[in-house]
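> Sharing a sequence plus its predicted fold:
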Amino acid sequence: MKRSKALSALVFIPFALPATGSESEPAPDTLEPIVVTATLGPRTVGESLSSVTVIEEESIRREAPAEFTDLLAAQPGIDLVTNGSFGKNTSVFTRGTANDSTVFLVDGVRLRSATSGGAPWQYFPVDLVERVEIVRGPRSALYGADAVGGVIQAFTLDPKHGNRGWVETGAGNFNTQKTSAGASATHGATRFSLSGLHKETDGTRIVKDGEDKGFRNTAGVGRVVHELPSGGEASFVIMQSEGNTEFDGGNTDFMIRTVGVTLNTPVSDYWATSIQLSESADEQESFRSAGDSVFNTKTRTARWENTFTAGVHELAVGGELQSDEVKSTIEFDENSRTNAALFTQLRLNFGPSDIQLSFRGDDNEAYGRQETGGIALGHSFDRSHRVRVSYGTSFRAPTFNDLYYPLEIFDFGGSYAGNPDLKPEEGASVELGLSGRYEHWYWDAALYQLDVENLIELQSINGDLRPANVSEARIRGAELASGLRSNGWDLGVKLTLMDPRDRETDNRLRRRSHQSLRVDLDRQMGAWSLGGTALASGYRYDDASNQNRLPGYVTFNLRAGWEFAQDWTARLTLQNVTDKEYATATRFDGSGYLAAGTAGFLSVRYDFR
């Protein structure tokens, strides 16, 4: 991608990637939430120069989502595409970019399939999550490849000091059953925690006149954190989720895992350092009548960050070494690759004004060198109102499937093969944001444009499919978020308007909706809580030529909670209460993958201390 001379001149200046405002429900009696995904270091929501949505533990427990992606549905800039409900293949499109253009982190560890490039969203256990941060806009200068649309980070349960635990069990229609439990303990400067769950369901049909397709999942999180005399801490965290999901034509045994060992410690009053060693795994074995297949990938990462402070100014510098490995029944021309990176970020504060600058250089043995960077400016007019403007670049790396997939000839004619000459996609984004935060409510508005060159798409010639750098995309959008918390009422409204276009054809990008709306309303009344969520999504096209149109839809979810005794809570959720039939993707024959109808679930939880 052509870059301006001004950006090239900043190569040796550390600088930070930005975006627009950030939103989180206001809590007048508590401090602002701290976000860590948007920058190399903690910042409050109000201080962030990025578009950040924070989903706190209170909201997660209140909503009691069936799947992790239920939390993401219709959040600003987020669009979901699924091949049915209950553990079926799911794609997350952030600001109109592809599924493999959103980085997914679990406790700071990147989780994805190196072969397909996307994250296994459908297998991640939402019951073991206490917090989610959604950062929209390019973040390659901080996280390297694939952070074109943004970064989503999930934080697993991390109990505070003390001995405590919980047990929860529940059941619902579709023969759905779930049991989860957790416990934590503290000994001196060390705390331990262990939590786990098992759930299974017969599922529902995912195609018309089809059979129910079930899902089974067992998952757990273990954590050990030791506070150091220096004021830092050393930690070990492991998350693993495994099970089986059925789909139209077969079933898949899966296992995903993240492991991270981290040391954070101050070296002096002006220098803090952090070292993380991590590994993530995505293993899937599928059983079909046409033949079985195995795709196992691992990513190992060593990351070192250093933060230097001078008053209110900060400089962060670091390096990262990452390796991908693939083991499969498919014989790839290459089954491993490494990536080395250096990155830096400068954060400056001048009273009401902030400047963030960032730069990163990646050297990958598969596709060569790539440089990315960004700049963000922010200014607070007063204690409540703030403006932000930013520019950033990003890239998406070709996957193992894109580059190395061997020639496969289909039974129905045609073939598919990878293209080792692919170049990375390259993106550039500009954004403007305004926000207002008051005692009981907030609002945040963002306007952005993202241009992507060397877009990787499938070319079809007489039925032969090959990935190629064939087109450009331009995505323009507006996001509005607002929330109110007062007298036991919680109201949140999220609106997204977007125009994702292929610049060569002027068609809308495949499977992207152009608008979405989410409204959450909850009321706390003593021991009772009542609430609901309305989700609306506009129409989309399932093909690049914009001939196969899938209609938009509106769904309603209801929920109720009752603290019927000390430390005891009962919760009832009803999803899609109007039994709306809709699809966000279609099969090869043109029929839609159907989402589940009305789903009810009743659970009882006991917290002990």
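Arrived safely.

> for this protein, which residue is closest to the average position?
The centroid of the chain falls nearest to Ile152 when counting by Cα atoms, centre = their mean (3.0 Å).

> and for the helix or strand in which that one is found, what are the contacting residues?
Per DSSP states H and E, Ile152 falls inside strand 150-156. For strand 150-156, the external contacting residues (Cβ atoms under 8 Å, 6 or more residues apart in numbering) are 36-37, 51, 68, 72, 77, 92, 94-95, 102-108, 124, 128-139, 142-143, 195, 221, 223, 237, 239. From N, CA and C alone the C-beta is placed, and that goes for glycine too.

> what's near enough to touch Asn339?
144-145, 320-324, 362-365.

> for it, which residues make a bridge with it?
Gln322, Asn364 (DSSP bridges).

> all strands in the stretch 301-450 of the chain, in order from the N-terminus.
313-328, 336-350, 353-364, 368-380, 385-396, 408-409, 415-416, 425-437, 441-461 (DSSP state E, counting those that start in this stretch).

> Just say which of those is most tucked in.
Ranked by mean neighbour count, the strands of the stretch 301-450 of the chain are led by strand 385-396 with a mean of 24 (mean count of other Cβ atoms under 10 Å).

> next helix or strand past the strand holding Ile152?
strand 164-172.

> now the following helix or strand past that next one and strand 164-172, what's the angle there?
Going down the chain from strand 164-172, the next helix or strand is strand 176-187, by DSSP H and E. Between strand 176-187 and strand 164-172, the angle comes out at 180 degrees (axes from the mean of the first three to the mean of the last three Cα atoms, to 10 degrees).

> how about the helices of this protein, start to end?
5-8, 57-63, 68-72, 140-143, 400-404 (DSSP state H).

> What mean pLDDT does the first one get?
When pLDDT is averaged along helix 5-8, the result is 35.

> about what we covered before: save the helices of the chain as a markdown table, and put in mean neighbour count and distance to Thr297 too.
Output for those, formatted as a markdown table (neighbours: other Cβ atoms under 10 Å; distance: least, Cβ to Cβ, whole Å):
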| stretch | mean neighbour count | distance to Thr297 |
| --- | --- | --- |
| helix 5-8 | 11 | 33 |
| helix 57-63 | 17 | 28 |
| helix 68-72 | 21 | 20 |
| helix 140-143 | 28 | 18 |
| helix 400-404 | 23 | 8 |
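
> Compare those and give me the one nearest Arg386.
helix 140-143 (21.5 Å; Cβ to Cβ).

> what pairs with the residue nearest to the centre of the chain across the strands?
When bridges are taken as DSSP bridges, the partners of Ile152 come out as Phe104, Ile134.

> shift numbering so it begins at 18
Sure, I'll start counting at 18 from here, so that last one is Ile169.

> picking up where we left off before, where among the strands of the stretch 318-467 of the chain is average confidence lowest?
For those, mean pLDDT drops lowest on strand 425-426, to a mean of 78.

> Would you mind measuring from Ser532 to Gln92?
Small correction: residue 532 is Gln, not Ser. Gln532 is 14 Å from Gln92, where distance means Cβ to Cβ, to the nearest Å.

> Correct me if wrong: Val487 contacts Ser477.
No. Assessed by Cβ atoms under 8 Å, Val487 is found out of contact with Ser477, at 11.0 Å.

> sorry, back to before: the inter-axis angle of the strand holding Ile169 versus strand 402-413?
100 degrees.

> would you put the C-alpha positions of strand 167-173 in PDB?
The C-alpha coordinates for strand 167-173 follow below in PDB (Å, rounded to 0.1, in the frame of the first residue of the first chain):
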ATOM      1  CA  GLY A 167      -9.800  -4.500  15.800                       C
ATOM      2  CA  VAL A 168      -9.000  -6.700  18.800                       C
ATOM      3  CA  ILE A 169     -11.300  -8.500  21.200                       C
ATOM      4  CA  GLN A 170      -9.900  -9.600  24.500                       C
ATOM      5  CA  ALA A 171     -11.700 -11.900  27.000                       C
ATOM      6  CA  PHE A 172     -10.500 -12.100  30.600                       C
ATOM      7  CA  THR A 173     -11.200 -15.300  32.500                       C
END
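
> Off-centre distance for it?
Centroid displacement of strand 167-173 relative to its chain, using Cα atoms, centre = their mean, to the nearest Å, is 5 Å.

> Look up the closest residue to Arg588, ignoring the ones flanking it.
Leaving aside its sequence neighbours, Arg588 sits nearest to Gly578 (Cβ to Cβ, 6 or more residues apart in numbering; 4.7 Å).

> So that neighbour sits against Thr586, correct?
Yes. Gly578 lies in contact with Thr586 (Cβ under 8 Å); the separation is 6.1 Å.

> higher neighbour count, these two?
Neighbours per residue (other Cβ atoms under 10 Å) separate Gly578 from Thr586, with Gly578 holding more: 22 against 19.

> Mean confidence (pLDDT) on stretch 555-569, please.
Mean predicted lDDT for stretch 555-569 stands at 93.

> Show me which positions of it end up buried.
Buried residues in stretch 555-569, counting neighbours by 16 or more other Cβ atoms under 10 Å, are found at 555, 557-559, 561, 563, 567.

> hang on, the earlier thing: export the contacts of Asn356 as CSV, with columns for distance to Pro176.
Rendered in CSV, the data for these read as follows (distance: Cβ to Cβ, whole Å):
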residue, distance to Pro176
Gly161, 32
Ala162, 34
Glu337, 30
Leu338, 32
Gln339, 30
Ser340, 33
Asp341, 33
Asp379, 37
Asp380, 40
Asn381, 39
Glu382, 41
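
> Relative to Glu425, which of the residues you listed is nearest.
Asp341 (21.4 Å).

> pretty sure the closest one contacts Ser130?
No. Between Asp341 and Ser130 there is no contact under Cβ under 8 Å: 9.9 Å.

> Quick check, pLDDT for Ser65.
For Ser65, pLDDT reads 78.

> same check, this time on Gly239
At Gly239 the predicted local confidence, pLDDT, stands at 97.

> Run through the bridge partners of it.
Leu211, Ile255.

> Provide the count of other residues in contact range of it.
Count around Gly239 with other Cβ under 10 Å applied: 16.

> Next, the buried residues of the top strand by length along the chain.
Secondary structure of the chain per DSSP state E: the longest strand is strand 481-503. Neighbour-count burial for strand 481-503, counted by 16+ other Cβ under 10 Å, picks out 483-486, 488-502.

> buried subset of the contacts of strand 167-173?
Using 16+ other Cβ under 10 Å, the buried ones in the contacts of strand 167-173 are 54, 68, 85, 89, 94, 109, 111-112, 119-125, 141, 145-156, 159-160, 212, 238, 240, 254, 256.

> Between Asp341 and Ser130, which contacts overlap?
Thr314.

> pLDDT weak spots in the stretch 168-317 of the chain?
Along the stretch 168-317 of the chain, the model assigns pLDDT under 70 to residues 178.

> contacting residues for the closest residue to Phe253 other than its chain neighbours?
Closest residue to Phe253 apart from its sequence neighbours, by Cβ to Cβ, 6+ apart: Val241 at 4.8 Å. By Cβ under 8 Å, 6+ apart, the contact set of Val241 is 207-209, 252-253.

> Please enumerate the strands of the stretch 518-626 of the chain.
Counting by DSSP E, counting those that start in this stretch, the strands of the stretch 518-626 of the chain are 532-542, 545-554, 557-558, 566-567, 570-582, 585-592, 600-603, 609-611, 616-625.

> Quick one: those strands as TSV, columns for distance to Phe398 too.
TSV is the format used below for those (distance: least, Cβ to Cβ, whole Å):
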stretch	distance to Phe398
strand 532-542	28
strand 545-554	33
strand 557-558	38
strand 566-567	43
strand 570-582	37
strand 585-592	41
strand 600-603	41
strand 609-611	48
strand 616-625	43
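
> Nearest to Phe232 among those would be which one?
Shortest distance between Phe232 and these, using Cβ to Cβ, is found for strand 616-625: 12.5 Å.
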